[in-house]
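Engineer: compute the structure for the input listed below.
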Amino acid sequence: MKNILLPSDFSDNAWNAAKYTIELFKDEACVFHLLNTYTPAIASSRFMATSLSGGHLEGGARNHSESGLNNVLKKIEDTFDYPLHEFRTISSFSLLVDEIKEVVENEGIDLIVTGTKGASGLEEVFMGSNTVRIIKSVKNCPVLAIPEHFTYAKPSEIAFATDFNRFYSQTELQPMIDLAHTFDATIRIVHVQYEIKALTEIQQFNLNMLRKYLNGVEHYLHTVSELNSVSKTLEIFAEELDIHLLAMLNFQHSYMERMTREPVIKRLAFHTQIPLLVIPELGMSKSSPSKIGKESAMAK
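Structural biologist: Here you go, the predicted structure:
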């Protein structure tokens with residue numbers, strides 16, 4: 001049974017993320033936890049119910065939060081009929097990230113899914129939205145960010161962006177591997193370089209380990225030259241190869257961190273319209289070794 005957390009502010013953006021997620025896991029037994037937080041003592045923001053004027057602020061905000069969740073639940077019931085799915089609601093007087101961390105721990109959440117706004121949704125992530133606060137704060141659960149207007153498409157092409165400078169454990173990569181197995185997807189390992197050069201000994205070792213973990217999954221290595229910025233390069237790569245999902249590990253000096261540090265003029269160009277799976281760094285624990293996967297094709 002998979003446990004999935006869906007934070008909601010009752011917007012079209014949040015509803016689209018919920019629809020995508022329900023469709024993505026339609027054939028899997030899942031419990032979806034619909035979460036809304038409210039803090040009437042401070043200005044309302046995304047994922048927080050709007051405080052009602054007059055009366056008791058906390059009571060009004062709580063009622064708004066609970067009725068909003070019930071409305072989302074009814075909308076789901078009217079739209080979908082997947083017998084393997086169960087839905088639960090959580091209305092909490094709390095800060096969003098604090099509540100998410102608690103729910104992840106208490107409910108054994110396997111995946112957090114959140115929406116990002118418009119064409120610049122991932123740009124918003126880099127500019128301090130709730131999504132990036134979730135990514136930075138939650139260290140034990142992957143986060144899937146869905147662009148506002150993205151229509152569900154079976155993720156048969158998954159890009160995994162990496163520079164091979166860090167050893168990955170199989171546990172860290174398992175969320176991506178599971179998706180690849182579920183949808184019989186091809187994984188495109190994309191290595192962005194400022195100038196094309198041979199891998200170092202450490203990079204080659206990490207690539208070999210990655211291929212071992214991907215045993216049984218069709219995968220290819222693409223080495224591409226950086227175009228203006230990492231974010232722009234990945235955007236063009238995703239467009240040209242019709243990628244349905246982009247995955248990245250989040251750790252110190254990773255592509256994800258580099259993209260948050262890019263100058264504004266560069267990251268403004270990142271307007272990708274595909275879901276982004278951000279996998280947290282889970283430590284260096286190694287899984288039991290497996291056989292080397294079949295040699296992947298090399299492409300540039």
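
Engineer: all contacts plus neighbour counts: C-alpha atoms, from now on.
Structural biologist: OK.

Engineer: all helices in the stretch 101-250 of the chain, in order from the N-terminus.
Structural biologist: Using DSSP state H, counting those that start in this stretch, the helices of the stretch 101-250 of the chain run over residues 121-126, 130-137, 170-182, 201-213, 230-240.

Engineer: quickly find the element holding Glu23.
Structural biologist: Remark: Glu23 resides in helix 12-24, with elements defined by DSSP states H and E.

Engineer: just how off-centre is that helix within its chain?
Structural biologist: Remark: helix 12-24 is offset 13 Å from the chain centroid, using Cα atoms, centre = their mean, to the nearest Å.

Engineer: need the residues that contact that helix.
Structural biologist: Here helix 12-24 makes contact (Cα atoms under 8 Å, 6 or more residues apart in numbering) with 6-8, 72, 113-117, 145-152, 154.

Engineer: got the CA coordinates for it in CSV?
Structural biologist: Extracted as CSV, the C-alpha positions of helix 12-24 are listed here (Å, rounded to 0.1, in the frame of the first residue of the first chain):
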residue,chain,number,x,y,z
ASP,A,12,-7.0,24.8,-9.9
ASN,A,13,-3.2,24.3,-9.6
ALA,A,14,-3.6,21.9,-6.6
TRP,A,15,-6.5,20.1,-8.3
ASN,A,16,-4.4,19.4,-11.4
ALA,A,17,-1.6,17.9,-9.3
ALA,A,18,-4.2,15.7,-7.5
LYS,A,19,-5.7,14.6,-10.9
TYR,A,20,-2.3,13.7,-12.3
THR,A,21,-1.3,11.7,-9.2
ILE,A,22,-4.6,9.7,-9.0
GLU,A,23,-4.2,8.9,-12.7
LEU,A,24,-0.5,8.0,-12.3
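
Engineer: ok, then the element right after that helix?
Structural biologist: Trace forward from helix 12-24 with DSSP H and E and the next one is strand 30-38.

Engineer: elements contacting that next one?
Structural biologist: Packing partners of strand 30-38 (3 or more Cα pairs under 8 Å, 6 or more residues apart in numbering; DSSP states H and E): strand 2-7, helix 57-79, strand 85-93, helix 96-107.

Engineer: and the shortest one, which strands flank it?
Structural biologist: Meaning strand 2-7. Sheet pairing of strand 2-7 (DSSP bridges) gives strand 30-38 (parallel), strand 111-116 (parallel).

Engineer: how about those in JSON lines, adding distance to Val97?
Structural biologist: Shown next, in JSON lines, are those (distance: least, Cα to Cα, whole Å):
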{"stretch": "strand 30-38", "distance to Val97": "9"}
{"stretch": "strand 111-116", "distance to Val97": "11"}
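
Engineer: and these, which is most packed in?
Structural biologist: For these, the largest average neighbour count (mean count of other Cα atoms under 10 Å) is found in strand 111-116, namely a mean of 26.

Engineer: quick one: mean pLDDT over it.
Structural biologist: Average pLDDT, strand 111-116: 91.

Engineer: ok, and what's touching it?
Structural biologist: By Cα under 8 Å, 6+ apart, strand 111-116 touches 3-8, 13-14, 16-18, 21, 122, 124-125, 131, 141-148.

Engineer: ditto for stretch 164-184
Structural biologist: 142, 154-156, 158, 185-187, 191, 202-204, 206-207, 209-210, 213-214, 217, 247, 279-287.

Engineer: if we can go back for a sec, give the buried residues for the helix holding Glu23.
Structural biologist: Within helix 12-24, the residues that qualify as buried by neighbour count (16 or more other Cα atoms under 10 Å) are Asn13, Ala14, Trp15, Asn16, Ala17, Ala18, Tyr20, Thr21, Ile22, Leu24.

Engineer: that older thread, so of the contacts of stretch 164-184, which ones are in strands?
Structural biologist: Counting by DSSP state E, the contacts of stretch 164-184 place Ile158, Thr186, Ile187, His191, Ala247, Ile279, Pro280 in strands.

Engineer: what's the pLDDT at the residue nearest to the fourth one when sequence neighbours are not counted?
Structural biologist: It refers to His191. Nearest residue to His191 in three dimensions, chain neighbours excluded: Thr223, at 4.8 Å (Cα to Cα, 6 or more residues apart in numbering). On pLDDT, Thr223 comes in at 93.
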